[in-house]
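# sharing a model that was predicted from the sequence below.
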There are 2 protein chains.
Amino acid sequence: MKLYETLAAGIAGQIAQGVIREGEKIPSVRQTSQHHNLSVSTVIRAFLLLESQGLIESRPQSGYFVRRRPAAHATTIAPAAPADMARGDNLDTSEFVLTTLRSINQGSVPLGSPYPDPAMFPWAKLNQYANSLARRVAQMGITADLPPGNPELIRQIARRHLENGLPVDANEIIVTTGATEALNLCLQAVAAPGATIAVESPTYYALLQAIERMNMRVLEIATDPVEGIQLDALERAIVEQGVAACIVMPNFQNPLGFQMSDERKRAMVEMLTRHEVPVIENDVYHELYYGDVHPTSLKNYDTRGLVLHCNSFSKTLSPANRIGWALPGRYKAQVEKLKFLNTLNTPALPQLAIAEYLKNDGYDYHLRKVRKAYTQQASIMASAVRRFFPAGTGVSTPAGGYLLWVTLPPEVRALELYARAQERGISVGAGNIFATGDAFQHCIRLNYSYPWTAEVEGAVRTLGLLAGELANCTPRKEANL
Amino acid sequence: MKLYETLAAGIAGQIAQGVIREGEKIPSVRQTSQHHNLSVSTVIRAFLLLESQGLIESRPQSGYFVRRRPAAHATTIAPAAPADMARGDNLDTSEFVLTTLRSINQGSVPLGSPYPDPAMFPWAKLNQYANSLARRVAQMGITADLPPGNPELIRQIARRHLENGLPVDANEIIVTTGATEALNLCLQAVAAPGATIAVESPTYYALLQAIERMNMRVLEIATDPVEGIQLDALERAIVEQGVAACIVMPNFQNPLGFQMSDERKRAMVEMLTRHEVPVIENDVYHELYYGDVHPTSLKNYDTRGLVLHCNSFSKTLSPANRIGWALPGRYKAQVEKLKFLNTLNTPALPQLAIAEYLKNDGYDYHLRKVRKAYTQQASIMASAVRRFFPAGTGVSTPAGGYLLWVTLPPEVRALELYARAQERGISVGAGNIFATGDAFQHCIRLNYSYPWTAEVEGAVRTLGLLAGELANCTPRKEANL
């Protein structure tokens, strides 16, 4: 654990024990720095961490205070009917998500995009393979690509997993129309309508929508921006409330960006296995790590077939192909059947083109380039946010992927910021969509997969100014801390 | 109405009124021919029609008898759990369907295939467009293809509908991953778990599976092989049992091949509108008509947005593209949202390639060629079945598409025939998969989209001999009638 994490954990402990109560001021940055003999920047990092955990909040000109928490960590909500998915702020989330996505193409600076910069994809090679395949295998691709999917692509996926340290049985792989379909099918395979599904909070919005759509119940479990889902809270929920399944994103979680440690991954799988609770693992960013080592997956620790691993080429080889896959463990037969019922088969040419791409070299070279770019851009974007945004703003420290989570001063409403930014041609991801309640309505998600240009920097500055106006305070000065 | 239809209707009326009772012999072909002053072949056609309607059955060496009907026309079954879709003969239908489909590629004569002969698709042109598009629009196709779908493809679909006599609002069109996804989404948009869905009997098996998967109830409505779904029975079911929605295939129904008349289509929509029951229209064969005129759709008669029209290019431009669409009427918003949740977007390149294909000429020329081939092959296949199959066999008279429905003597079990045919490298579609009960376990579906070769003829002859063995009778002789 790093120094700032140790400090943050200590302060969190004091808050948990009631040493500092809700609404009370915590010691200032300067006091804390002197008291613990730590640098000011370490203390600031600890405070930002605590803030992103929702434990403290900054008040303009006053310092940091213990936040009044709206409810317990884990909250249950009854699912809304599919036609009426209103949430906090009367937001129709899926409609709002679609609006956000559509805004991306309309000449805006796409900070709200969930997609990587399309310029990063190896279009030319993929298209070249598609073309040469189209000539060669003209009349194939009808029954050959029935579930579980094209055999050559399945072989290549198994090989890639092996290279990444996850030996899998090729017979377990089911090709899907993107990870979205894989997640939907796995969810339906493990749980029935009315069942309770535990998710991280905040979580990827599409999971909340999938759970609602299937008339299941969402149970949001407190999730630490560094450690990941809180296993104690999860186990308590399993014991006390009954949980049919759990969906998590252990690597470079959307939106928080953390990577769960190997120990926590192992502990999670062991705990869930003890309770016989299946877990759906969304691992779509696994290739986009910033360190030297490919991260492990929950699937690495699975001994009983209870991990349903979902993955995709959409973040590395373009979402336009819509090629994902599932490793559904003991639920393989059900998922394969559901795939067949849901969309019959997966388009042939994209499957074949990706198989060909994987077979020939180039994927690793491509990924190294992408990872290098994202690593650099993550730190540029984070420091720009620190520079331009008002006091009381916290930023995540992503371990991979291309998404930054920004917690604004609590008085800033992300939806208002979203609207004002839209008027200026800037899209942002409003925090509201990542939970069923109001917990993240002062948060935004920023995409840093695009090269850092004057235009992007200008957009981040504009966002910071808008957030400052909404926070009704001056831009951050060191003295404010 | 043609002569044989009038005769069949008269005999059906006598049966309905109890003039001839269950198990009783009906007058012979010769007697009927003399009595009505009709040709022998007209009488045979009428008997075959009555047989395919399940009203009479042939007994070797004895003639035709009124069939003992297992139950009322409309039967309700409780949905099985998705993991346990056992039916008559303990058949896991979706597993069996998958097995059937997979067997097609394994060197067998694909009489059991639901797909058209891949050689009929314009692969070269589609691939050429895909290739030139891939060069031109390299980095597009991510947000541009979000639901409702690629704008250019949507424009082309609207234009095609207009050319075919169905003016539609382009804003109503939602592109999907094949018609399979369109049908699933429309079903979920109009009905909740537990709701009752009326279907034709026999019906396209994927619909039964979709209904089961969503924990809805199947209500099978008697369906005439010439007229289509029986509107009286359907209305009775709506009034007496409550029906949330109805799914039908009014043009070239799979498996029966009939085309509902314009009057019956109009009457159906009016009746359903009166009861405010939405109807999902599966119209994937609409371009494959045998006459001179493109058939109307239920959508042509819809005044209240209650028809959800589902369609696809899978039968005309290859299923490998997986491009379908829905015109969901007043349910547009719900279907678009569900599409977004189910698979996010539809693959870009296939959408663009098909749009390009439709924009340039060639589709009509291609379809004329296909229709001519299917029209000829339909009659060749039907007469081969008449020639090679045992007495008591009936065949449908498809008005379009590429599927023939064959009713075998009642003692022949289609599953047994399926198994024996498999051993000889021939696939057939067993009737069991087209209904929840046993009503069609003596029926098979044959695909005649492939050119008529000695191999295909040999396969049909072999099937006929196998059916004859199972019927424990000699091959048909005119005297048997």
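Good, I have the coordinates.

# I figured A:I154 hits A:V175, correct?
Yes - using CB atoms under 8 Å, A:I154 makes contact with A:V175 at a distance of 6.7 Å. Bear in mind the C-beta positions are built from the backbone N, C-alpha and C, glycine included.

# shared neighbours of those two, which are they?
Taking CB atoms under 8 Å, 6 or more residues apart in numbering or on different chains as the criterion, A:I154 and A:V175 both touch A:P148, A:W325.

# ok, those two, which is more surrounded?
The residue with more neighbours, out of A:I154 and A:V175, is A:V175; 28 against 20, by other CB atoms under 10 Å in any protein chain shown.

# all strands for the stretch 1-150 of chain A, in order.
With DSSP state E, counting those that start in this stretch as the criterion, the stretch 1-150 of chain A has strands at A:56-59, A:63-66, A:75-77.

# so what are the domain limits for chain A?
Annotated domains of chain A cover A:3-66, A:87-120+A:365-480, A:123-362 [automatic domain parsing].

# any idea which of these scores lowest on pLDDT?
Out of the domains of chain A, domain A:3-66 stands lowest, with a mean of 78 (criterion: mean pLDDT).

# A:Q253 reaches A:E200, doesn't it?
Yes - at 6.5 Å, A:Q253 counts as touching A:E200 under the criterion of CB under 8 Å.

# report the set of residues contacting both of the two.
Residues touching both A:Q253 and A:E200 (CB under 8 Å, 6+ apart) are A:T223, A:G228.

# hang on, the earlier thing: most tightly packed of the strands of the stretch 1-150 of chain A?
When these are scored by mean count of other CB atoms under 10 Å in any protein chain shown, the highest mean neighbour count falls to strand A:56-59 (a mean of 22).

# for that one, name the packing helices and strands.
helix A:40-52, strand A:63-66 (3 or more CB pairs under 8 Å, 6 or more residues apart in numbering or on different chains; DSSP states H and E).

# any chance of those in CSV with distance to B:A471 as columns?
Formatted as CSV, the helices and strands packed on strand A:56-59 follow (distance: least, CB to CB, whole Å):
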stretch, distance to B:A471
helix A:40-52, 75
strand A:63-66, 84
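
# for the ones you listed, which one sits closest to chain B?
Set against chain B and scored by CB to the nearest CB, the helices and strands packed on strand A:56-59 come closest in helix A:40-52, at 28.0 Å.

# just give me how far the closest one sits from the chain centre.
Centroid displacement of helix A:40-52 relative to its chain, using CA atoms, centre = their mean, to the nearest Å, is 22 Å.

# ditto for stretch A:381-399
For stretch A:381-399, the distance to the chain centre is 18 Å (CA atoms, centre = their mean).

# quick check: end-to-end length of that stretch?
Using CA to CA, to the nearest Å, one end of stretch A:381-399 lies 14 Å from the other.

# just the helices in the stretch 351-481 of chain A please.
For the stretch 351-481 of chain A, helices defined by DSSP state H, counting those that start in this stretch occupy the ranges A:363-388, A:414-423, A:454-471.

# report the buried residues of the first one.
Yep, that's helix A:363-388 we're talking about. Neighbour-count burial for helix A:363-388, counted by 16 or more other CB atoms under 10 Å in any protein chain shown, picks out A:363, A:366-367, A:370-371, A:373-375, A:377-378, A:381-382, A:384-386, A:388.

# with stretch A:327-335 instead?
Within stretch A:327-335, the residues scored as buried using 16+ other CB under 10 Å are A:L327, A:P328, A:G329, A:R330, A:Y331, A:K332, A:Q334, A:V335.

# skipping its backbone neighbours, what lies nearest the second one in space?
This points to A:P328. Among residues not flanking A:P328 along the chain, A:V335 sits closest, at 4.1 Å (CB to CB, 6 or more residues apart in numbering or on different chains).

# report all helices and strands that the one helix or strand the one you found maps to contacts.
Using DSSP states H and E, A:V335 sits in helix A:332-343. When contacts are defined as 3+ CB pairs under 8 Å, 6+ apart, helix A:332-343 packs onto strand A:174-177, helix A:178-190, helix B:93-104, helix B:178-190, helix B:205-213.

# so which residues on the stretch 151-300 of chain A come close to chain B?
By the rule CB under 8 Å from any CB of the partner chain, the part of the stretch 151-300 of chain A lying against chain B is A:177-178, A:180-181, A:184, A:188, A:192-193, A:206, A:209-210, A:213, A:215.

# how does it look with 6 Å?
Residues of the stretch 151-300 of chain A lying near chain B by CB under 6 Å from any CB of the partner chain: A:T177, A:G178, A:T180, A:E181, A:P193, A:Q209, A:R213.

# show me which pair in these is furthest apart.
A:G178 and A:P193 (23.7 Å; CB to CB).

# with neighbour numbers in mind, choose between those two.
Set side by side, A:G178 and A:P193 show more neighbours around A:G178, with 27 against 15, by other CB under 10 Å.

# A:W325 is in contact with that one, correct?
No - look at A:G178 against A:W325 with CB atoms under 6 Å: they stay out of range, at 9.6 Å.

# shared neighbours, the two?
Residues touching both A:G178 and A:W325 (CB atoms under 6 Å, 6 or more residues apart in numbering or on different chains): there are none.

# after the longest strand along chain A, next one along is what?
Longest strand in chain A, counting residues (DSSP state E): strand A:217-224. Once strand A:217-224 ends, the next helix or strand along the chain (criterion: DSSP H and E) is strand A:228-229.

# what does that following strand contact?
With contact meaning CB under 6 Å, 6+ apart, strand A:228-229 is reached by A:E200, A:I221, A:T223, A:V248, A:F258, A:M260.

# and stretch A:403-422, by the same measure?
A:51-52, A:57, A:89, A:254-256, A:381, A:385, A:390, A:392-396, A:428, A:430-431, A:441-446, A:448, A:463, A:466-467, A:470-471.

# and for A:E163, the neighbour number?
Look at A:E163: counted by other CB under 10 Å, it has 11 neighbours.

# out of the buried residues of helix A:363-388, what pair is the most spread apart?
The widest separation within those (CB to CB) is 36.3 Å, between A:Y363 and A:F388.

# which residues touch A:T316?
Counting by CB under 6 Å, 6+ apart, the residues that A:T316 touches are A:E287.

# can you do 10 Å?
By CB atoms under 10 Å, 6 or more residues apart in numbering or on different chains, the contact list for A:T316 reads A:116, A:120-122, A:284-288, A:354, A:363, A:366-367, A:370-371.

# now A:R155
By CB under 10 Å, 6+ apart, A:R155 lies in contact with A:A170, A:I173, A:A355, A:L358, A:K359.

# return the most buried member of the helices and strands packed on helix A:332-343.
Buried most deeply of those, by mean count of other CB under 10 Å, is strand A:174-177, with a mean of 29.

# how distant is it from the center of its chain?
21 Å.

# ok, that strand: who's next to it in the sheet?
Sheet partners assigned to strand A:174-177 using DSSP bridges are listed as strand A:323-327 (antiparallel).

# can you give me the offset of the strand it pairs with from its chain's centre?
Here the centre of strand A:323-327 is set off from its chain's centre by 18 Å, with CA atoms, centre = their mean.

# measure how it sits relative to helix B:332-343, angle-wise.
Put simply, strand A:323-327 runs at 60 degrees to helix B:332-343, going by axes from the mean of the first three to the mean of the last three CA atoms, to 10 degrees.

# how close does the most centrally placed residue in chain A get to chain B?
Closest residue to the average C-alpha location of chain A: A:N254 at 0.9 Å, with CA atoms, centre = their mean. Distance, A:N254 to chain B, using CB to the nearest CB, to the nearest Å: 14 Å.
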